[in-house]
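Peer 1: give me coordinates for this.
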Amino acid sequence: MKLVTVNKLETDSLLNYQSMAFDAQSRMQKILQTMPAIRKRIFELHKLEGYSYKEIAESLNISEKSSGGVGESVNQNNRYRNQDNGNVIVLPQSLFEAGDNRKALVAPTSNGNRPLKFNSPQINNETNGDFPVIRAADVMLLYAEALNATLTVPNTDALAALNAVRLNAGITALNLSTVATKDDFRNAVYKERRLELALECDRWFDILRTGQMAAIYPLVPAIRTVYPVPQVEIDNITDKTGWQNTGYN
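Peer 2: From the prediction side, this is the model:
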């Protein structure tokens, strides 16, 4: 018989993990208890038991829309869709350089249409337009930004990472004479992130982490950079002092 030695640290870590998992499960059960019975059952069948929305609809004798299948399709289908001529894309086309192949992907759309960036075909009431979480271009630009932050002036390594994204977009590479200073290079990276990652939910977090909030949104109070901590969570704490974010007291 092979003996396996487990030290105290490993045991404590395992117990902590089990405790966290149990706590998360308990919280989920509390949330489920607040849901209408049919929505709770749909959630359990889809998220916990792995049934598709079509299978759930057939099992519960409800429409696929009610089960969430079409609802998810609509969420995908309507992402940034122009509804009633109310286009929500506010990225100026003038920011793109000549020949930039990303420009058309985020161009303003006519009524009822989505931008090309998320214009995946709909099949059986569902779309396969994956929403990016992290991409190679994101990593290259983060590397360029981080490397530049460690330097006195930009170098060829930082420039190569930035230009890799630009060349992939079909536009000309920059050179160190056009982004000669640390600030110039940083601003070039910021602009490239805005164009490359447009409509991928990165812009807001980029603005916050780079301290551009006051300059870009001067009329928005600083407290709006974070949400208030839900009161229901604070109520679970014995000493409730100091848990709420500033400005939400």
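Peer 1: so residue 199 sits against residue 114, correct?
Peer 2: No: the criterion here is Cβ atoms under 8 Å, and residue 199 misses it with residue 114 at 9.8 Å. (Glycine included, C-beta is placed from N, CA and C.)
Peer 1: what packs against the strand or helix carrying residue 187?
Peer 2: Secondary structure assignment for residue 187, by DSSP states H and E: helix 182-196. Packing partners of helix 182-196 (3 or more Cβ pairs under 8 Å, 6 or more residues apart in numbering; DSSP states H and E): helix 136-149, helix 156-168, helix 203-209.
Peer 1: nearest to residue 43, out of those helices?
Peer 2: If you check each of the helices and strands packed on helix 182-196 against residue 43 by Cβ to Cβ, helix 203-209 wins as the nearest, at 28.0 Å.
Peer 1: what pLDDT does residue 115 get?
Peer 2: According to the prediction, residue 115 has pLDDT 80.
Peer 1: check contacts around it.
Peer 2: When contacts are counted by Cβ atoms under 8 Å, 6 or more residues apart in numbering, residue 115 touches 80, 89, 105, 106, 107, 109, 199.
Peer 1: could you identify the buried members of these?
Peer 2: Buried by 16 or more other Cβ atoms under 10 Å: 80, 89, 106, 109, 199, out of these.
Peer 1: and of the residues you listed, the nearest to residue 99?
Peer 2: In terms of Cβ to Cβ, no member of the buried ones among the contacts of residue 115 lies closer to residue 99 than residue 106, at 15.5 Å.
Peer 1: what residues are up against the closest one?
Peer 2: 89, 91, 115, 116, 117, 198, 199.
Peer 1: what pLDDT, on average, does stretch 44-62 get?
Peer 2: Stretch 44-62 comes out at a mean pLDDT of 73.
Peer 1: would you mark the buried spots in it?
Peer 2: Here stretch 44-62 shows 45, 46, 51, 53, 55, 56, 57 as buried, counting by 16+ other Cβ under 10 Å.
Peer 1: now residue 168: closest residue in space, sequence neighbours ignored.
Peer 2: The shortest distance from residue 168 to any non-neighbouring residue, by Cβ to Cβ, 6 or more residues apart in numbering, is to residue 137 (6.9 Å).
Peer 1: wait, doesn't that neighbour sit right on residue 197?
Peer 2: Yes: with contacts counted by Cβ under 8 Å, residue 137 reaches residue 197, the gap being 7.4 Å.
Peer 1: quick check: which of the helices and strands packed on helix 182-196 is nearest to residue 26?
Peer 2: helix 203-209 (30.0 Å).
Peer 1: what comes up buried for the closest one?
Peer 2: Neighbour counts using 16+ other Cβ under 10 Å place 206, 207 of helix 203-209 among the buried residues.
Peer 1: let me see the mean pLDDT of the helix or strand just after it.
Peer 2: Counting by DSSP H and E, the element after helix 203-209 in chain order, helix or strand, is helix 213-216. Regarding helix 213-216, the rounded mean pLDDT is 90.
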